[in-house]
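>>> give me a model of this one.
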Amino acid sequence: PAAKKEDKKATGAEDDALTSAMNDWIAALPEKAREKLVGDLSKCETEEEEWTVLVASAKADTTKVREKQREVLIAEAAKKGFK
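Residues are numbered from 1 along each chain as shown. Just a heads-up that it's a prediction; the model follows:
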C-alpha cells in the first residue's frame with residue numbers, strides 16, 4: 001500500500017510538471033498564435049487530441065526565444081506518451 005501512495009505522488013508530480021510545461025508554452029506564444037492554439041484545443045474531444053495539438057504546435061515552432069519552453073513541453077509530453 002505504501003508503494004501505491006508513492007506512485008500516486010509521482011504521477012501527481014508528473015502531471016503537475018506536464019501542466020506547468022503546457023501553461024508555460026501557451027504563455028510564451030505571441031497573442032495570435034496563442035489564440036489559434038487555444039481555439040484548436042477547444043475543438044479537441046480527448047486529452048490525447050489536446051496533447052497531439054500542443055506537441056505539434058511546439059514542434060512546428062522554431063523560434064529560439066521559446067526554445068526552452070518548447071523542449072520542456074515536448075519532453076514532459078513524451079514522458080506521458082504524448083508525441
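>>> alpha carbons only for contacts and neighbour counts from here, please
OK.
>>> C-terminal to the helix or strand hosting residue 15, what's the next element?
Take DSSP states H and E as the rule and residue 15 turns out to sit in helix 2-28. Using DSSP H and E, the helix or strand that follows helix 2-28 in sequence is helix 31-42.
>>> list of residues touching that following helix?
26, 27, 50, 53, 54, 57 (C-alpha atoms under 8 Å, 6 or more residues apart in numbering).
>>> just checking, what packs against the helix or strand harbouring the third one?
Remark: residue 50 resides in helix 47-60, with elements defined by DSSP H and E. For helix 47-60, the helices and strands in contact under the criterion 3 or more C-alpha pairs under 8 Å, 6 or more residues apart in numbering; DSSP states H and E are helix 31-42, helix 67-79.
>>> what's the spacing between stretch 35-46 and its chain's center?
From the chain centre to the centre of stretch 35-46 is a distance of 13 Å (C-alpha atoms, centre = their mean, to the nearest Å).
>>> for stretch 53-66, same thing?
11 Å.
>>> and the residue nearest the centre of this protein?
residue 22 (3.5 Å; C-alpha atoms, centre = their mean).
>>> let me see the contact set for it.
54, 73.
>>> switch to 7 Å and redo it
residue 73 (C-alpha atoms under 7 Å, 6 or more residues apart in numbering).
>>> thank you, goodbye.
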